[in-house]
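Asks: here's my sequence, what's the structure:
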Amino acid sequence: MSSFLREAGAEARIEEFTEGTPTAADAAAAVGSGLDQIVKSLVLVCDERPVLALVPGDRRVDPAKVAAAVGASVARVASPAEVRGATGVDPGGVAPFGLATLETVVLDRSLLRHRIVWAGAGSPRHVVGLAPGELSRLARARPSDIVQEASTQAPG
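Replies: Purely as a prediction, here's the structure:
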């Protein structure tokens, strides 16, 4: 991950936490940020092709909105095996960039309001902090509205 960031000329900081950061809540506690600054990297299957959706840790992805954003008729959250197949990494450690097999990446617009966001960096123990614009550039992500409405959010 660090070689990818270095080669891309990225302004980013990788942190390692021995206790791990496999969930958005774990990552927020480890880096001392709000859940809304944590980037969940979620793989969805849209018309049988994998798509990466980047959403804030305090929100849930809306598969129908992701499908619409990428011009698909249907989308569903990928199974753990499908995540591994598309990224080479288990859920909880997916980095939002450097994934050659994922051509389509969408980023929820609400992430762009922060000065810094924190995303997975290739393992459940590593996170990377960077500006949202840098995240969008590195991930080749299209900003979109891809989360459920706040009133439909489930706790956790």
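Asks: quick check: mean pLDDT of the host helix or strand of F4?
Replies: F4 belongs to helix 2-7 when assigned by DSSP states H and E. Summarised as a single mean, pLDDT over helix 2-7 is 70.
Asks: which SSE is immediately downstream of it?
Replies: Assignment by DSSP H and E places the next element after helix 2-7 at strand 12-16.
Asks: report the secondary structure state of S73.
Replies: coil (DSSP: H, G, I helix; E, B strand; the rest coil).
Asks: isn't it right up against P63?
Replies: No. Using CB atoms under 8 Å, S73 makes no contact with P63, being 11.5 Å away. Every residue, glycine included, has its C-beta placed from N, CA and C.
Asks: higher neighbour count, the two?
Replies: P63 (21 against 8; other CB atoms under 10 Å).
Asks: please tell me how far that one sits from S79.
Replies: Using CB to CB, to the nearest Å, P63 is found at 14 Å from S79.
Asks: do the same with A121
Replies: Taken as CB to CB, the span from A121 to S79 is 23 Å.
Asks: equivalent analysis for R109, please.
Replies: From R109 to S79 the distance is 27 Å (CB to CB).
Asks: higher neighbour count, A121 and S79?
Replies: A121 (27 against 12).
Asks: dump the residue contacts of that one.
Replies: Residues near A121 by CB atoms under 8 Å, 6 or more residues apart in numbering: M1, I14, G93, A95, V127, V128.
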